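[1] just coords:
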DNA sequence: ATACTGTATTACCATACAATTATATACTCA
DNA sequence: TGAGTATATAATTGTATGGTAATACAGTAT
């Protein structure tokens, strides 16, 4: 959190953005995009999610600036807007690993 | 996301942790704890949230390892488990600022 | 114009969960 | 032991949202 005061409005904005990452389906989509640009149908195939579902998730991610899009004929190609998503996920994963290690240590004792 | 394969189970674990931060009330609590250890009642007073509500949020945050606790007589003192919460929030805030700047630029044009 | 394909939107249902009230548990003190 | 305080836990309710099916929209080709 920054130096500026955390008004309820700002808190809600931050929460909304975390909420976008609080869904396995969206994490899965973002992870696919990590490998590069993808059309909606490619994402549908790679994730196994429904088309309407993927499209809805993409609208949300796009609205919050997590992904960018580029129209090409019939297709719409989505890509990650920046790398910060991975910074976020990497920190979370580090937390998970730390938890996991701590649990093993407890069990081993 | 780490090098290991992202199974549905792992995705769910990560999503759960983001979900914990996807709530203004919990962000508010975490922000209070940034200043140092707090009892439940102190958090209730500082946040203006209900006692049962704060307690429930704290259970969740504790279960996911975001906060640690220490019992002292009648009181339970909560504190942040580590600094990674702020890394996460700082990245989100940077994203917000970037959005804000982009929006101003568009409006100014 | 029609048919076809890819993407977005709408409407609906089912589930998850935040907030609240009331109650229970844990601890201290008289 | 009983009263009082701090925290935790049910039980309940309202709301938000993920998934899906049906449909609309946009673009291409014949």
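    Okay, I see it. Every value quoted in this text rests on a predicted model; they were computed, and no experiment measured them. Numbering: from 1, shown residues only, chains lettered A, B, ... in the order given.
[2] Can you say which helix or strand has residue A:14 in it?
    Using DSSP states H and E, residue A:14 sits within helix A:8-20.
[3] Could you pull out the buried residues of that helix?
    Neighbour-count burial for helix A:8-20 flags A:10-11, A:13-20 (criterion: 16 or more other C-beta atoms under 10 Å in any protein chain shown). Yep, even glycine has a C-beta here, placed from its N, CA and C like the rest.
[4] Equivalent analysis for stretch A:41-52, please.
    With burial defined by 16+ other C-beta under 10 Å, the residues of stretch A:41-52 counted as buried are A:42-44, A:46-47, A:49.
[5] end to end, how far does that stretch reach?
    Using C-alpha to C-alpha, to the nearest Å, the end-to-end distance of stretch A:41-52 comes out at 10 Å.
[6] quick one: contacts of that stretch?
    Here stretch A:41-52 makes contact (C-beta atoms under 8 Å, 6 or more residues apart in numbering or on different chains) with A:25, A:28-29, A:32-33, A:38, A:40, A:54, A:57-58, A:75, A:78.
[7] ok so, going back, just put the buried residues of stretch A:41-52 in CSV and tack on distance to residue B:88.
    Below are the buried residues of stretch A:41-52 laid out as CSV (distance: C-beta to C-beta, whole Å):
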residue, distance to residue B:88
A:42, 30
A:43, 26
A:44, 30
A:46, 27
A:47, 25
A:49, 26
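[8] what is the mean pLDDT for the helix ranked longest in chain A?
    Using DSSP state H to define each element, chain A has its longest helix at helix A:84-108. Averaging pLDDT along helix A:84-108 yields 85.
[9] Please enumerate residues in contact with it?
    Residues contacting helix A:84-108 (C-beta under 8 Å, 6+ apart): A:21, A:27, A:30, A:34, A:66, B:1-2, B:10, B:13-14, B:17-18, B:65, B:84, B:87-88, B:91-92, B:94-95.
[10] Give me the buried subset of the residues you listed.
    The buried subset of those - by 16+ other C-beta under 10 Å - is A:21, A:27, A:30, A:66, B:1, B:10, B:13-14, B:17-18, B:65, B:84, B:88, B:91-92, B:95.
[11] Among those residues, list the two that are farthest apart in space.
    Comparing every pair within the buried ones among the contacts of helix A:84-108 by C-beta to C-beta identifies A:66 and B:65 as the most remote, at 25.1 Å.
[12] What are the buried residues along the helix or strand bottoming out on mean pLDDT in chain A?
    Sorting the helices and strands of chain A by mean pLDDT, DSSP states H and E puts helix A:84-108 at the bottom, at a mean of 85. Within helix A:84-108, the residues scored as buried using 16+ other C-beta under 10 Å are A:84-85, A:88-89, A:91-93, A:95-96.
[13] That helix vs helix A:8-20, what angle?
    Here the directions of helix A:84-108 and helix A:8-20 differ by 70 degrees (axes from the mean of the first three to the mean of the last three C-alpha atoms, to 10 degrees).
[14] What is the burial count for residue A:38?
    Neighbour count of residue A:38, defined by other C-beta atoms under 10 Å in any protein chain shown: 23.
[15] residues in contact with residue A:40?
    A:51, A:54-55, A:58, A:75-76, A:78 are the contacts of residue A:40 under C-beta under 8 Å, 6+ apart.
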